[in-house]
Structures are given as C-alpha cells and as structure tokens.
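Q: generate a structure from the sequence data that follows.
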Amino acid sequence: MTSLPESFLTKGEEIERAIASFGEDYRSLVFCRFREAKGLQDAVADKAPTFHDVTNFFSKQATLFWLRFHIAETFAFLGIYDTATKMQVRETADLILGHEIYGQFSLAEFLCFLKRFKAGDYGKIYQSARPNPQEFLMCLKAFWQDLSAERGRQWERDRQEREAEERKKPRITWEEYCKINGMEGRPSPLDRLSNLS
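A: The predicted structure follows:
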C-alpha cells in the first residue's frame, strides 16, 4: 500500500513519489488529465471515469490520493487548510468514496463541484476559521441534485441524438427484407393481422 504524503500542499518529491507509485498511466489518465474544472453540462457530457472506475483500475489508495489532494487544495483556496486536521481531509475523502451515490461521481463532475463550491454556490464550510467537513458533505448533497438534473438532460440529449441517427438509416420494405433473408413469398405480419378480422 502506498503511503500518502503528510501535507498535500508540499510541492515536489513527496507528491511526485506518491503519483509515481500508482504508475505512469495514473499520472497521465487521472492525475494530470483531471486538474481543470469544467461547467456542469461539459462535466456530465465528458463521460470521465468515476471514482469507482479509478479504484477498480488503479486502487482505492489512488482514488483517495486524488480526492485528498483536491480537497486539501480547496481548503487551501478557502484559507482554512492550516486549521483543518489531516484526519478531516482523510475522513472527508473516505466518506465521499464510500458513499453509495458520491462514489459514482466522475472525476470531472467532482471538479465541477469544487469549482462551484469555491465560487460560493453552496455556502461556507467554516465558522471562526475552522472547517466543518459535515457542511462540505452537505454541500455535496445540494450539488447531487444539480448533477442529477443535468444527467437527466444529458440522457435526453443522447436519446434524441440516437433517434435522429436511427431516422437517418435507410428503411426497407417487407418484400425487400424477405428477399434479403430468403423468406420470399411470406405474407407480412400486417397482412396476417388484417386477414384475422
């Protein structure tokens, strides 16, 4: 099992060693590829790997490393990293990955959440300069509602696109179908139904 660096904000060798321990594919396909946040529609359309995908392909520790890194980066942006404990960062990542719904987030979707969170779309997670991971996770619930609605819209766009592609396909008559499939002389199912009445 790979040990994670004590401070995710320590630049240099410690983070590089941790990333390298998961392999070059992890560096290029996960860590470097998923650093920039997109808007919600683009994040959903991206079809990026989910936390479960990364865990299955690399390891649970690889997923937790990515999550912890981005949570720590967010806390640093908010100016509360120094008041957060390592345990708060670790447990927050563990709870997200272990959650029945949040574990299905794609990396792009989670980065979108962090971008929106940093912008204040879901409120604050600290009082008196102390972070409250429960509030962070509650904000994730609010994001889940936004994400679910966008996933529904994306599903509808995909469905309409499939139907449009289906309509473009050439249609053949029953007679042509029978000829192609060696069924010449058979009445069409519609003819059989009309004969029953």
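Q: now for Thr92, how many residues are close by?
A: 24 (other CB atoms under 10 Å). In this view, the C-beta of every residue, glycine as well, is placed from N, C-alpha and C.
Q: same question, Ala72
A: By other CB under 10 Å, neighbour count at Ala72 equals 22.
Q: other SSEs contacting the helix or strand hosting Glu163?
A: Using DSSP states H and E, the element containing Glu163 is helix 133-168. Helix 133-168 is packed against helix 40-45, helix 86-98, helix 107-118, with contacts defined by 3 or more CB pairs under 8 Å, 6 or more residues apart in numbering; DSSP states H and E.
Q: reformat those helices as JSON lines; add distance to Gly23 and mean pLDDT.
A: Output for these, formatted as JSON lines (distance: least, CB to CB, whole Å; pLDDT from 0 to 100):
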{"stretch": "helix 40-45", "distance to Gly23": "25", "mean pLDDT": "91"}
{"stretch": "helix 86-98", "distance to Gly23": "19", "mean pLDDT": "91"}
{"stretch": "helix 107-118", "distance to Gly23": "17", "mean pLDDT": "93"}
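Q: sorry, back to before: in the helix or strand following the helix holding Glu163, which residues are buried?
A: Next along the chain after helix 133-168, taking DSSP H and E as the criterion, comes helix 174-180. Within helix 174-180, the residues scored as buried using 16 or more other CB atoms under 10 Å are Cys178.
Q: what sits up against helix 174-180?
A: 172, 183-186, 188, 190 (CB atoms under 8 Å, 6 or more residues apart in numbering).
Q: how about a cut-off of 10 Å?
A: For helix 174-180, contacts defined as CB atoms under 10 Å, 6 or more residues apart in numbering pick out 172-173, 183-191.
Q: could I get these as JSON lines with pLDDT and neighbour count?
A: As requested, these are arranged in JSON lines below (pLDDT from 0 to 100; neighbours: other CB atoms under 10 Å):
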{"residue": "Ile172", "pLDDT": "81", "neighbour count": "11"}
{"residue": "Thr173", "pLDDT": "79", "neighbour count": "9"}
{"residue": "Met183", "pLDDT": "79", "neighbour count": "11"}
{"residue": "Glu184", "pLDDT": "74", "neighbour count": "9"}
{"residue": "Gly185", "pLDDT": "69", "neighbour count": "6"}
{"residue": "Arg186", "pLDDT": "71", "neighbour count": "13"}
{"residue": "Pro187", "pLDDT": "71", "neighbour count": "12"}
{"residue": "Ser188", "pLDDT": "70", "neighbour count": "13"}
{"residue": "Pro189", "pLDDT": "71", "neighbour count": "9"}
{"residue": "Leu190", "pLDDT": "72", "neighbour count": "9"}
{"residue": "Asp191", "pLDDT": "70", "neighbour count": "10"}
